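Undergrad: Can you look at this prediction? I've put the sequence above it.
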Amino acid sequence: GTGTLVSSLTLIVLDATWARTRSMCRHFNKMLKLDIPHIQLQPTTLSVYARKQSQPDRICTLEAISLLLQELGEQQAVCDALVAAVRINNSALQAHVKLVA
């Protein structure tokens, strides 16, 4: 993008349930001798993901990536496009459910 992103940042994104992600992090740290720092995001809005989250303040992976990029200075339009992709996915899932029902 044309935002002010840090040019040397390497980001590892784990797309899994919260419990599975914790397990994968333990594996990386123990087996691969990596000490991967964690980033804790503080979302200010509820998730738009049309799937029940285990806790109300949880967000999906794509929303988390959007939020992180926004905090790093990416253009708002880029971040909004990522969240829009979640909404498009929601619509596709709803249409699929209607077709199978």
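TA: Right, received. Where do you want to start? Residues are numbered from 1 along each chain as shown.
Undergrad: where does this protein have low pLDDT?
TA: Within the chain, the ranges that satisfy pLDDT under 70 run 1-7, 52-53, 100-101.
Undergrad: Identify, by residue count, the longest helix of it.
TA: Counting residues, the longest helix found in the chain (DSSP state H) is helix 76-100.
Undergrad: List the contacts of it.
TA: Here helix 76-100 makes contact (CB atoms under 8 Å, 6 or more residues apart in numbering) with 1, 3, 48-50, 60, 62-63, 65-67, 69-70. Where C-beta positions appear, they are placed from N, C-alpha and C, glycine not excepted.
Undergrad: Run the chain-centre distance for that helix.
TA: Centroid separation for helix 76-100 versus its chain: 14 Å, with CA atoms, centre = their mean, to the nearest Å.
Undergrad: can you check stretch 45-57 too?
TA: Using CA atoms, centre = their mean, the offset of stretch 45-57 from its chain centre is 12 Å.
Undergrad: Between its first and last residues, what's the separation in it?
TA: From its first residue to its last, stretch 45-57 covers 8 Å (CA to CA, to the nearest Å).
Undergrad: which of the contacts of helix 76-100 are buried?
TA: The neighbour count (16 or more other CB atoms under 10 Å) marks 49, 60, 62-63, 65-67, 69-70 as buried among the contacts of helix 76-100.
Undergrad: Any chance of a markdown table for the residues you listed, columns distance to M31 and secondary structure?
TA: Formatted as a markdown table, those follow (distance: CB to CB, whole Å; DSSP: H, G, I helix; E, B strand; the rest coil):
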| residue | distance to M31 | secondary structure |
| --- | --- | --- |
| Y49 | 31 | coil |
| C60 | 27 | coil |
| L62 | 28 | helix |
| E63 | 29 | helix |
| I65 | 25 | helix |
| S66 | 30 | helix |
| L67 | 29 | helix |
| L69 | 29 | helix |
| Q70 | 33 | helix |
